[in-house]
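Visitor: sequence and predicted model, in that order:
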Amino acid sequence: MSLPAAAMNVERQLLLSEIAEFNAAYAHCIDDDQLEQWPEFFAEDCEYQIIPRENVDLGLPAAIVFCDNRGMLIDRVVALRKANIYPAHYSRHVLGAPVLLDADGRGLHSQTSYVLMLTRMDGETRLFSAGKYVDVMVRENGVLRLKNRSVVFDTHRIDTLLVTPI
Amino acid sequence: MRTNDALATSVPRAVDARLYHEPDVFAEEQRRIFRGPVWSYVALEAELEGPGAFKSTFVGDTPVVVTRDQEGALHAWVNRCAHKGALVCRAPRGRATDGSFVCVYHQWAYDAQGNLRGVPFRRGLKGVGGMAQDFDLAQHGLRKLRVANLCGMLFLSFDEKAPPLEQFLGEAMCYYIRRVFNRPIRVLGYARQNMRGNWKLYSENSRDGYHGGLLHLFYPTFGIYRPSQESAGEVDEVGFHSAFTVSKPSQTDGYENYQREANREMSGASAGAEMLRDPSVLTFRPEFDDNIALLIQSLFPSVVLQQIQNTLATRQIVTRGVAETELVWTYFGYADDDEAMTRHRIRNINLVGPAGYISMEDGEAVELCQQGTAGADGWSSFVEMGGTDVVPKVAPIGLDENAVRGFWTGYFALMKGAAEVLP
């Protein structure tokens, strides 16, 4: 028995608002430098990559960051804190409205545009990256988590380096 | 005049900072080096599959296109219409299925070799306009460049005086190129990194073994490289090119030990609490007939070829201005890799590239030197680690700046007009 159209629409709006809230919290986690909490937005068995749109369009698999479990996300944060050298900076994500593509047995499929501004300690704010999240989210104990997040970036000439997650 | 001053006061072990900053030095480099008697890497042959395939890129700051014609032969030309100088080829890559390259401005049409094939309204219309009777298509082709192919690495030269590629590179460099390109490869993708610094700062960086374990703290912290590992640095007979090799750990002192130790270091005071969660990013699957786990080969003037664990990549240096350099990473594997091997390489790529655990800092180092040398009139660098001259081979690496002095030796010879320095 299918739901009436109005009920479908309400359910869809609820899902979209839940995804938007999730994304907003994710962005603030990074922008507020709470990176140790960042892996918790992901399911234990997850995949996260940052890949140039150039490669996606060419059907080529190489990503500049590729993690296929939550441990690798934690390692990224530990390396950022303890090993890597980079210019100190603030991140500022500005997110678009999510688009719900599909909801199936694997989870909620959505995509969301982002713009990421970086501000270095000289005080100048620069557009660092524009792109989109292509996501699959699952529910664990009622809470949304990322099963898969592909950050597909348009700005494929990276300014200096990338160390902070998008 | 200032160009001459900065060049005259510089020697390989002490370089005048103005060479990183002055636009006229940059312009002179384009003439004497990038459009001079050397070979610049531009592409992998695997990027040019099939008749009509092309790739547009740069030699220094000059736009160029590499093509494959209908017979399969490779050609290259300056991407500049003979008419008004417009870019003829506007796509980064693709296939010109009919084998022609047409400038969109006035539709002058060229073939893959760069010959002019047609000009609209050449004879005018009904007796009006058109080109002069003696207009000769053959005189208005694109500027053709020499192409040389070593095991699938494609190099271009503007200058008839450039020695044959293999002679230019020297035996040792050719050996390592053949080693990496021992069988057909497959491109896995690209990454591009923009550094707000002079191209020579990056060229020095890739030849500087001294900084490896000091700037890239991931190395000592996570244990990929330690001074005790067997390593060597080689240069060609002039010093233009450099190859660093580091062997994989011995059986008794394997990566596992390194990583256990590294994990302890990572944890700081709370030993054991903060393990590297997934060391598979470091895993090396030996795939060569030697023990080399790391090869960084800098080929003057425009490319670094690397094998770091199982990541294979070229890093093409594109000069975008006196204080801006783009590094184009082309990652590849072998055509016979299975899915698991490809996935392994993709995981390994976390180590390298613009977000690479052991390479991201190079962008920062280049920019720090560019910023720090601003206004440094009369200041010169001090490049005397491990001596003041250039020797063919050093071992181990990390304690000298031999290859950096080698780079400058070649650079000054070309810039000061001593072309006889070429091998």
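Guide: Looks like it came in fine. Residues are numbered from 1 along each chain as shown, chains lettered A, B, ... in the order given.
Visitor: and the strands in chain A?
Guide: Counting by DSSP state E, chain A has strands at residues A:42-52, A:65-67, A:89-95, A:99-104, A:107-120, A:125-140, A:143-153, A:157-159.
Visitor: out of these, the one nearest residue B:57 is which?
Guide: Residue B:57 sits nearest to strand A:157-159 of all the strands of chain A, at 13.6 Å, using C-beta to C-beta. Where C-beta positions appear, they are placed from N, C-alpha and C, glycine not excepted.
Visitor: so residue B:167, which of the three states?
Guide: helix (DSSP: H, G, I helix; E, B strand; the rest coil).
Visitor: that one touches residue B:423, doesn't it?
Guide: Yes: assessed by C-beta atoms under 8 Å, residue B:167 is found in contact with residue B:423 at 5.4 Å.
Visitor: overlap in contacts, these two.
Guide: Counting by C-beta atoms under 8 Å, 6 or more residues apart in numbering or on different chains, no residue touches both residue B:167 and residue B:423.
Visitor: which bits of the stretch 301-423 of chain B sit near chain A?
Guide: Residues of the stretch 301-423 of chain B lying near chain A by C-beta under 8 Å from any C-beta of the partner chain: B:326, B:331, B:342, B:346-347, B:349-350, B:353-357, B:360-361, B:363-364, B:367.
Visitor: restricted to helices, list those.
Guide: B:342, B:346, B:347, B:360, B:361, B:363, B:364, B:367 (DSSP state H).
Visitor: tell me, how many residues neighbour the last one?
Guide: Taking other C-beta atoms under 10 Å in any protein chain shown as the criterion, the count of residues near residue B:367 is 20.
Visitor: wait, it touches residue B:193, no?
Guide: No: using C-beta under 8 Å, residue B:367 makes no contact with residue B:193, being 11.3 Å away.
Visitor: where do the contact lists of the two overlap?
Guide: With C-beta under 8 Å, 6+ apart, residue B:367 and residue B:193 have common neighbours residue A:160.
Visitor: number of residues surrounding the closest residue in space to residue A:34 that isn't next to it in sequence?
Guide: In this structure, residue A:34 finds its nearest non-sequential neighbour in residue A:28, 8.0 Å apart by C-beta to C-beta, 6 or more residues apart in numbering or on different chains. Look at residue A:28: counted by other C-beta under 10 Å, it has 11 neighbours.
Visitor: and residue A:28, how far from residue A:95?
Guide: For residue A:28, the distance to residue A:95 (C-beta to C-beta, to the nearest Å) stands at 10 Å.
Visitor: for whichever residue of the stretch 51-200 of chain B sits closest to chain A, give me its contacts.
Guide: The stretch 51-200 of chain B approaches chain A most closely through residue B:189 (2.7 Å), counting by C-beta to the nearest C-beta. For residue B:189, the contact set (C-beta under 8 Å, 6+ apart) comprises A:51, A:52, A:54, A:55, A:58, A:60, A:61, A:62, A:63, B:330, B:331.
Visitor: filter those residues down to the buried ones.
Guide: A:51, A:52, A:54, A:55, A:60, A:61, A:62, A:63, B:330, B:331 (16 or more other C-beta atoms under 10 Å in any protein chain shown).
Visitor: which parts of chain A sit against chain B?
Guide: When proximity is defined as C-beta under 8 Å from any C-beta, chain A approaches chain B at A:50-52, A:54-55, A:58, A:60-72, A:74-75, A:78-79, A:82-87, A:156-163.
Visitor: go with 7 Å
Guide: By the rule C-beta under 7 Å from any C-beta of the partner chain, the part of chain A lying against chain B is A:50, A:52, A:54-55, A:60-66, A:69, A:71-72, A:74-75, A:78-79, A:82-87, A:156-163.
Visitor: narrow those residues to just the buried residues.
Guide: For the residues of chain A next to chain B, buried by 16+ other C-beta under 10 Å: A:50, A:52, A:54-55, A:60-66, A:69, A:71-72, A:74-75, A:78-79, A:82-87, A:156, A:158-163.
Visitor: give me the below-cutoff pLDDT ranges for the chain.
Guide: No chain was given, so I picked chain A. A:1-3 (pLDDT under 70).
Visitor: oops, I was thinking of chain B
Guide: Chain B contains residues with pLDDT under 70 at B:1-3, B:222-228, B:250-275, B:418-421.
Visitor: domains for it, by residue range?
Guide: Domain ranges of chain B: B:40-148, B:163-421, per automatic domain parsing.
Visitor: winner for burial among the strands of chain A?
Guide: Mean neighbour count (mean count of other C-beta atoms under 10 Å in any protein chain shown) peaks for strand A:65-67 among the strands of chain A, with a mean of 23.
Visitor: contacting residues for the closest residue to residue B:302 other than its chain neighbours?
Guide: Nearest residue to residue B:302, sequence neighbours excluded (C-beta to C-beta, 6+ apart): residue B:40, at 4.3 Å. Residue B:40 makes contact with B:34, B:59, B:155, B:156, B:301, B:302, according to C-beta atoms under 7 Å, 6 or more residues apart in numbering or on different chains.
Visitor: just the ones of the residues you listed in strands?
Guide: Per DSSP E, the contacts of residue B:40 map to strands at B:59, B:155, B:156.
Visitor: which parts of the stretch 101-250 of chain B are strands?
Guide: B:109-111, B:116-118, B:144-150, B:153-157, B:185-195, B:231-235, B:242-247 (DSSP state E, counting those that start in this stretch).
Visitor: so how far is chain A from the residue most central in space within chain B?
Guide: In chain B, the residue lying closest to the centroid (C-alpha atoms, centre = their mean) is residue B:303, at 1.5 Å. Relative to chain A, residue B:303 is positioned 18 Å away (C-beta to the nearest C-beta, to the nearest Å).
Visitor: how much space is there between the closest residue in space to that residue that isn't next to it in sequence and residue B:301?
Guide: Excluding the flanking residues, the one nearest residue B:303 by C-beta to C-beta, 6+ apart is residue B:41, at 3.6 Å. Residue B:41 is 9 Å from residue B:301, where distance means C-beta to C-beta.
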